[in-house]
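In: Any chance you can model this:
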Amino acid sequence: MTVGTQMSQAIATVQSAAATLKTFALEAQDQQAKQTFQDLAKTFDNALTTLQQRQQYIEEQEPQYKQ
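Out: Numbers count the residues shown, from 1 in each chain. Prediction:
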């Protein structure tokens, strides 16, 4: 498995987790739970941005890793 493939899988996993947390936040009745899910989703969104930037850097430095 190439670095590019691993990065793409990591990005997809984080996107999925963030989407799940956002769904939980929408469905939560308890305000504290809702806030917790929103905070976690934001953390995952930040991680996603970092991973996407890293993927772009890798692709710029090592073109063979492009999908």
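In: Correct me if wrong: Ile11 contacts Thr50.
Out: No. In this structure Ile11 lies outside contact range of Thr50 using C-beta atoms under 8 Å: 10.2 Å. Any C-beta I mention is one placed from the backbone N, CA and C, and that applies to glycine too.
In: Compare these two (neighbour count), which wins?
Out: Neighbour count, other C-beta atoms under 10 Å: between Ile11 and Thr50, Ile11 has more, with 16 against 11.
In: Could you give the number of residues near the closest residue to that one other than its chain neighbours?
Out: Nearest-residue entry for Ile11: Leu51, 5.1 Å, with adjacent residues in sequence omitted and distances by C-beta to C-beta, 6 or more residues apart in numbering. Residues contacting Leu51 under the criterion other C-beta under 10 Å number 17.
In: For Leu51, what is the enclosing helix or strand?
Out: In this structure, Leu51 sits in helix 31-61 according to DSSP states H and E.
In: Can you give me the buried ones in that helix?
Out: Residues of helix 31-61 classed as buried by neighbour count (16 or more other C-beta atoms under 10 Å): 37-38, 40-41, 44, 48, 51, 55, 59.
In: Confidence-wise, which of those residues comes last?
Out: Across the buried residues of helix 31-61, the smallest pLDDT goes to Glu59, namely 85.
In: is it true that that one touches Thr2?
Out: No. Look at Glu59 against Thr2 with C-beta under 8 Å: they stay out of range, at 11.4 Å.
In: one step back: any idea how far the helix holding Leu51 is from the chain center?
Out: 5 Å (C-alpha atoms, centre = their mean, to the nearest Å).
In: list the helices and strands it packs on?
Out: Counting contacts by 3 or more C-beta pairs under 8 Å, 6 or more residues apart in numbering; DSSP states H and E, helix 31-61 is packed against helix 3-27.
In: Pull the residues that contact the helix it packs on.
Out: Outside helix 3-27, the residues that touch it by C-beta atoms under 8 Å, 6 or more residues apart in numbering are 33-34, 37-38, 40-41, 44-45, 47-48, 51-52, 54-55, 58-59, 62, 65-67.
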